[in-house]
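> next comes the sequence, and after it the predicted model I'd like to discuss.
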Amino acid sequence: MLKIKVCGMTDVLNVREVAEAGPDFIGFIFYPDSKRYIGKDQDEIIFNQVPSGIIKTGVFVNESIYKIMKHVRHYKLDAIQLHGSESPDYCYFIKSKGLITIKAFGIGADFDYNHLTPYLTSCDYFLFDSKTENLGGSGTKFKWDKLNEYQHDKYFFLSGGIGPEDIHDLKTLRHNRLFGIDINSRFESSPGIKDIEKLKVFFREIKKQGYEL
């Protein structure tokens with residue numbers, strides 16, 4: 001079944017509502033330049049709204065390993081998503097600590113998937129987002145036919161501007177290494193606040209039989 005990750009959560013009540021809707025991953029952004037930055041010294045209560053059946057994910061951009069591991073311990077994170085220029089060795093260290101490790105890459109028309117080879121053993125999943133000059137997520141789509149060039153065995157998340165109107169295109173998208181989709185800004189009523197009704201409809205459609213891998 002195609003996995004769903006909801007990212008960019010910032011509000012206690014909203015996290016609880018999203019968790020009740022049933023995603024597979026919930027993401028919190030620890031990058032200060034993001035509009036959805038979880039904030040410095042956030043109260044643990046927001047993270048405690050995520051039940052054990054949902055993978056609690058921290059999103060970081062070129063952060064020190066020391067600080068990442070501090071947040072892992074304090075907020076009991078299950079997975080780490082790396083959205084900067086982190087090296088394969090950096091990723092491998094995070095993975096070696098028993099954390100699900102997701103490495104993000106910005107995909108443009110000239111992207112060469114061979115560049116991913118050094119990362120194949122250093123992370124659990126790739127995440128493909130749109131190439132952008134800014135670090136972090138883009139909120140825009142890249143041309144999904146570019147995925148046809150991806151031939152590695154590593155499973156990946158699809159990200160970048162996915163919205164409620166993309167149900168049909170996602171249904172027709174087939175790739176044997178597509179593991180999940182990452183959604184964020186297109187499901188918001190304001191930055192960091194997700195529209196629960198939009199999410200529920202999307203979850204219901206995406207989890208139908210036609211979306212089996």
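Alright, I've got the coordinates.
> quick one: residue 71 and residue 9, what's the gap?
Residue 71 sits 15 Å away from residue 9, going by C-beta to C-beta, to the nearest Å. All C-beta spots, glycine's among them, are computed from the backbone N, C-alpha and C.
> between these two, which has more neighbouring residues?
Using other C-beta atoms under 10 Å as the criterion, residue 71 and residue 9 rank with residue 9 on top: 25 against 19.
> tell me the mean pLDDT over stretch 179-198?
Averaging pLDDT along stretch 179-198 yields 95.
> how about it: buried residues?
By 16 or more other C-beta atoms under 10 Å, the buried positions in stretch 179-198 come out as 179-188, 192-195, 198.
> same thing with stretch 70-85?
For stretch 70-85, a neighbour-count test (16+ other C-beta under 10 Å) marks 71-72, 75, 77-83 as buried.
> rewinding a little: of the buried residues of stretch 179-198, which belong to helices?
The helices, defined by DSSP state H, take in residue 198 from the buried residues of stretch 179-198.
> quick check, nearest of the buried residues of stretch 179-198 to residue 155?
residue 179 (3.8 Å; C-beta to C-beta).
> show me what contacts that closest one?
Residue 179 makes contacts with 2-3, 125, 155-157, 213, as judged by C-beta atoms under 8 Å, 6 or more residues apart in numbering.
> now, those residues that are in strands?
Taking DSSP state E as the definition of strands, the contacts of residue 179 contribute 3, 125, 156-157.
> in this protein, what secondary structure element scores lowest on mean pLDDT?
When the helices and strands of the chain are scored by mean pLDDT, DSSP states H and E, helix 167-172 comes last with a mean of 87.
> what comes up buried for that helix?
Under the neighbour-count criterion of 16+ other C-beta under 10 Å, helix 167-172 has residue 170 buried.
> does anything pack onto it? Which helices or strands?
If you count contacts as 3 or more C-beta pairs under 8 Å, 6 or more residues apart in numbering; DSSP states H and E, helix 167-172 packs onto helix 196-206.
> who's in contact with stretch 21-30?
3-9, 15, 18-19, 36-38, 46-47, 50, 54-60, 63, 71, 75, 79, 81, 136, 180, 182, 184, 196, 199-200, 203.
> how long is that stretch end to end?
One end of stretch 21-30 sits 23 Å from the other (C-alpha to C-alpha, to the nearest Å).
> mind checking the end-to-end distance for stretch 129-144?
End-to-end for stretch 129-144, by C-alpha to C-alpha: 10 Å.
> farthest-apart pair in the ones in strands among the contacts of residue 179, please.
Among the ones in strands among the contacts of residue 179, 3 and 156 lie farthest apart (C-beta to C-beta), at 11.0 Å.
> so the two - more neighbours on which side?
A side-by-side neighbour count of residue 3 and residue 156, using other C-beta under 10 Å, places residue 156 first with 22 against 19.
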